[in-house]
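A.B. asks: here you go, sequence then predicted model.
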Amino acid sequence: MSIPENLGYTAEHEWVDLGEGGAATVGVTKYAADALGDVVFVQLPAVGDKVAKGEVCGEIESTKSVSDLFAPADGEVVEINEAVVDSPELVNIDPFGDGWLFRVRVDDEPELLDAAAYAELTTES
């Protein structure tokens with residue numbers, strides 16, 4: 001499984017791109033998308049919602065199960081990916097691209113795993 005080197009990762013199998021301007025893009029990893037199976041519904045936080053690191057801020061439903069989405073950092077949601085709400089299968093098709101979930105203006109830079117640490121985590125799972 002290819003794990004992009006330019007992203008940070010959480011133990012909850014989410015990726016985070018800190019990008020520029022203080023807004024972090026959040027999605028689920030290919031590992032998570034594969035484990036979920038066919039994604040059929042995505043519930044995202046609303047623009048303007050305040051989120052807290054480690055707290056549930058949405059969910060992803062697949063043909064197999066329902067999984068919570070966790071905020072990777074404290075902050076305010078500034079954008080959601082409407083395309084994923086309309087076409088949840090984007091999470092399976094392109095989890096690191098068109099399948100991104102939401103953007104959050106982070107209060108502080110989150111502590112994230114690098115690609116090597118995330119690869120080690122997923123091989124132990």
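C.D. replies: Done, it's in. Numbers count the residues shown, from 1 in each chain.
A.B. asks: got the buried residues for stretch 28-38?
C.D. replies: Residues 28, 29, 30, 31, 32, 33, 35, 36 are the ones in stretch 28-38 that count as buried (16 or more other Cβ atoms under 10 Å). C-beta here means a position set from N, CA and C on the backbone, and glycine is covered the same way.
A.B. asks: what packs against the longest helix anywhere in the chain?
C.D. replies: The helix spanning the most residues in the chain, taking DSSP state H as the definition, is helix 115-124. Packed against helix 115-124 by the contact rule (3 or more Cβ pairs under 8 Å, 6 or more residues apart in numbering; DSSP states H and E) you find strand 8-9.
A.B. asks: could you pull out the helices for this structure?
C.D. replies: Going by DSSP H, the chain shows helices at 30-36, 82-86, 90-93, 115-124.
A.B. asks: got the buried residues for the second one?
C.D. replies: So the one you mean is helix 82-86. Those would be residue 84, for helix 82-86 by 16+ other Cβ under 10 Å.
A.B. asks: and that helix, how far out from the chain's middle?
C.D. replies: On the basis of Cα atoms, centre = their mean, to the nearest Å, helix 82-86 is displaced by 14 Å from the centre of the chain it belongs to.
A.B. asks: same check, this time on the longest one
C.D. replies: Computed by Cα atoms, centre = their mean, the chain-centroid distance of helix 115-124 equals 16 Å.
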